[in-house]
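**Q** quick one, what's the 3D model for this:
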Amino acid sequence: MEKLTTQEEQAMQAIWKTGEGNIKLFLENMEMPQPPYTTLASTVKNLEKKGLLQSRLVGNTYLYKPAISEEEYKKHFMSGVVKDYFDNSYKQLVNFFVEQKKLSSKELKDILEMIEKGSKK
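**A** You can find the predicted model right below:
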């Protein structure tokens, strides 16, 4: 799966939020500023070609739904980020956020607690 463009990610966010729907419904669920209808329609068609959406014709309207969950996309995307930018090391990823002052010691403690709880299962 290839990385989505910003425009494609925005469309997928609206689609995941909506579930199954048509272009008009997706447009209503997008943040401002919303793209033109025709731009979103083209983006949705591209996402369908990439295999991220499924469609079905109901009357004279196409309904689209996600072919992959938001969770699956995040997992794939984050794995790629860690591999490509942090030498496949989650430790380097965390260190990066600490150095950038994006992660507090409280948040690190919370992360450690989550890890410890997860390893006890």
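**Q** give me the domain ranges for the chain.
**A** The chain breaks down by automatic domain parsing into domains covering 6-66, 89-121.
**Q** now do the strands in this protein.
**A** Secondary structure of the chain (DSSP state E): strands at 53-58, 61-66.
**Q** would you mind finding the most buried of these?
**A** Of all the strands of the chain, strand 61-66 has the most neighbours on average by mean count of other Cβ atoms under 10 Å, namely a mean of 16. For every residue, glycine as well, the C-beta is placed using N, CA and C.
**Q** can you list the helices and strands that it packs against?
**A** Using 3 or more Cβ pairs under 8 Å, 6 or more residues apart in numbering; DSSP states H and E, the elements in contact with strand 61-66 are helix 6-18, strand 53-58.
**Q** any chance of the strands of the chain in JSON lines, with mean pLDDT too?
**A** Below are the strands of the chain laid out as JSON lines (pLDDT from 0 to 100):
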{"stretch": "strand 53-58", "mean pLDDT": "96"}
{"stretch": "strand 61-66", "mean pLDDT": "96"}
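**Q** among the ones you listed, which is nearest residue 18?
**A** Closest approach to residue 18 among these is made by strand 61-66 (8.8 Å; Cβ to Cβ).
**Q** the inter-axis angle of that closest one versus helix 6-18?
**A** On the basis of axes from the mean of the first three to the mean of the last three Cα atoms, to 10 degrees, strand 61-66 is oriented at 90 degrees to helix 6-18.
**Q** starting at the chain centroid, how far to strand 61-66?
**A** 18 Å (Cα atoms, centre = their mean, to the nearest Å).
**Q** check stretch 76-87 too.
**A** That offset, for stretch 76-87, works out to 14 Å (Cα atoms, centre = their mean).
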